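1. build me a model:
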Amino acid sequence: MVHKLSIKVILPFCKILFPYKESGIYMIDQNTRFLIVGLGLIGGSYAMGLKKKGYHVDAIDIQEESISYALQNNLIDHGSTYDTALIQQADIIISALYPKAMVTWIKKQSKAYETSCIH
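-> This is a model prediction of the structure:
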């Protein structure tokens with residue numbers, strides 16, 4: 001099943017760093033790999049919603065307890081406090097960090113991004 005979702009709808013808190021189709025539509029199917037950075041209220045909500053829809057969801061968070069909780073409750077497929085492999089495998093990265101922390105994280109991780117990934 002393929003879904004047509006507007007970037008503005010699915011990623012309202014994300015900064016898009018790379019170009020996407022002019023129409024603003026990104027084709028998302030069940031093979032799309034999401035990476036959520038930050039499993040607080042916003043990131044955890046995204047994880048829960050995406051997993052309920054059957055998507056593959058990975059996560060990075062600075063607190064190991066948040067990763068453990070999300071794994072135990074089947075909110076994510078894989079998680080880590082830091083893993084460049086998760087960044088490199090992601091098709092879409094959802095940043096659920098505070099704006100200043102997000103900018104710092106993006107600068108530090110920019111070499112790990114795939115150029116086709118939407119952030």
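2. least confident secondary structure element in the protein?
-> Lowest on mean pLDDT, DSSP states H and E among the helices and strands of the chain sits helix 7-10, with a mean of 38.
3. this protein: strands as residue ranges?
-> 2-6, 25-29, 33-37, 56-60, 78-80, 92-95 (DSSP state E).
4. what's next to the fourth one, contact-wise?
-> Counting by CB atoms under 8 Å, 6 or more residues apart in numbering, strand 56-60 makes contact with 30-39, 43, 47, 50-51, 67, 70, 75-83, 86-87, 89-90, all of which sit outside it. Quick note: C-beta positions are derived from backbone N, CA and C, even for glycine.
5. one more pass at 7 Å, please.
-> Outside strand 56-60, the residues within contact range by CB atoms under 7 Å, 6 or more residues apart in numbering are 33-37, 39, 43, 47, 50-51, 67, 70, 76-80, 82-83, 86, 90.
6. tell me the strands beside that strand, with direction?
-> strand 33-37 (parallel), strand 78-80 (parallel) (DSSP bridges).
7. deepest in the core, which of these is it.
-> With neighbours taken as mean count of other CB atoms under 10 Å, the strands paired with strand 56-60 reach their highest mean count in strand 33-37, at a mean of 23.
8. circling back to that earlier point, rebuild the strands of the chain as TSV, extending it with distance to Ile106 and mean pLDDT.
-> Below are those laid out as TSV (distance: least, CB to CB, whole Å; pLDDT from 0 to 100):
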stretch	distance to Ile106	mean pLDDT
strand 2-6	22	43
strand 25-29	19	69
strand 33-37	9	92
strand 56-60	12	95
strand 78-80	17	95
strand 92-95	7	87
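9. could the ones you listed be laid out in TSV, adding distance to Met102?
-> Below are the strands of the chain laid out as TSV (distance: least, CB to CB, whole Å):
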stretch	distance to Met102
strand 2-6	21
strand 25-29	20
strand 33-37	8
strand 56-60	12
strand 78-80	18
strand 92-95	5
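10. from Val37, how far off is Ile28?
-> 18 Å (CB to CB, to the nearest Å).
11. before we move on, the earlier item: could you export the strands paired with strand 56-60 as TSV, including distance to His56?
-> Shown next, in TSV, are the strands paired with strand 56-60 (distance: least, CB to CB, whole Å):
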stretch	distance to His56
strand 33-37	5
strand 78-80	9
